[in-house]
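Peer 1: only geometry, no sequence info:
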DNA sequence: ATAATGCCGACTGTATTGGTTGGGATTACT
DNA sequence: AGTAATCCCAACCAATACAGTCGGCATTAT
């Protein structure tokens, strides 16, 4: 039960993009250097974010990455989901059929609550909030 | 970012113990059968819970496991921590020195919030709540 | 043409997960 | 004393995920 480096890096990269959008795409190498992320690893992370539609890339000289949406429209939960898979920590929460005893399982109450807490926490923050650091802890 | 089976099983076992404490210890085999948990695996899970002081075992014929405290005093967070390690999903939250950029890192805000959400969700439920199923989702 | 950039598939070492196996040590009961 | 039920423990295993790396190809501004 740990957030992967992939995900930490990915969020840092997204925040960087949000904070450095000046009409030009930002090359991967710049993000990697600024955030101390191994470049080839970051490449694979950005690929996932691109597949998820969160960033778009332009190739060639002076190419790079940009957000596809305004920073204010991107919730952190979307970023985490793109990199970490569904936020549900336990299979029986989204898919009641995943476990035969789901109906009578008291523990499921816990996992449902946990699910709500996590989703709420991550979806109540946008990239814009983070660039402004105007979030109360 | 997933709860391990170890942890799901462990919580189910704890809830079972909370709901079946009739002054006698409950043998592992009973829990395993009732909750469909592979017995040898459950054994290792209960070992961890015992190390954490959450259950105690008595050996020999008609031995078994019991909670060390009243169900109302055991918060789910303790059970999860015992099996899954610290609840913090990211190293820089409990230990600010884990990452050099911690001070200036906007993402850290996210992880702090997430931490609080998770801890809050898990520590607001006790085993007794679960046996009564009196928790609102 | 060239250099900067993104795209992609294959590979690797390490750790974790989800177990199993086999043999002990304790204890209640007869 | 013997036996069966029970917990205790160390070693092992296969599959998967994690955190990267490497090498080459495709695209494009200049």
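Peer 2: Good, I have the coordinates. In this text, all values refer to a predicted model and were calculated from it rather than measured experimentally.

Peer 1: which ones are touching the closest residue to residue A:115 other than its chain neighbours?
Peer 2: Counting by Cβ to Cβ, 6 or more residues apart in numbering or on different chains, residue A:115 lies nearest to residue A:93, which is 5.0 Å off, once chain neighbours are set aside. Just so you know, the C-beta spots here come from the backbone N, C-alpha and C atoms, and that holds for glycine as well. Listed by Cβ atoms under 8 Å, 6 or more residues apart in numbering or on different chains, the contact set of residue A:93 reads A:108, A:111, A:112, A:115.

Peer 1: next one: residue A:28
Peer 2: Counting by Cβ under 8 Å, 6+ apart, residue A:28 has contacts A:39, A:42, A:43, A:46, A:64, A:65.

Peer 1: what's the angle between the longest helix belonging to chain A and helix B:107-123?
Peer 2: Identified as the longest helix of chain A according to DSSP state H is helix A:107-123. Between helix A:107-123 and helix B:107-123, the angle comes out at 160 degrees (axes from the mean of the first three to the mean of the last three Cα atoms, to 10 degrees).

Peer 1: Pull out the buried residues from helix A:107-123.
Peer 2: Within helix A:107-123, the residues that count as buried by 16 or more other Cβ atoms under 10 Å in any protein chain shown are A:107-115, A:117-119, A:121-122.

Peer 1: Stretch A:23-39 now?
Peer 2: Buried residues in stretch A:23-39 (16+ other Cβ under 10 Å): A:25, A:26, A:27, A:28, A:31, A:32, A:35, A:37.

Peer 1: Name the nearest residue to the second one, sequence neighbours excluded.
Peer 2: Beyond its immediate neighbours in the sequence, the residue positioned closest to residue A:26 (Cβ to Cβ, 6+ apart) is residue A:64, lying 4.6 Å away.

Peer 1: Wait, that neighbour touches residue A:32, no?
Peer 2: No. With contact defined as Cβ atoms under 8 Å, residue A:64 and residue A:32 do not form a contacting pair (11.5 Å).

Peer 1: Give the helix, strand or coil label for the residue nearest to residue A:115.
Peer 2: Taken by DSSP: H, G, I helix; E, B strand; the rest coil, the conformation at residue A:93 corresponds to coil.

Peer 1: low-confidence ranges in chain A?
Peer 2: Applying pLDDT under 70 to chain A flags residues A:134-137.

Peer 1: and if we set it to 90?
Peer 2: A:1, A:22, A:87-89, A:91-105, A:132-137 (pLDDT under 90).
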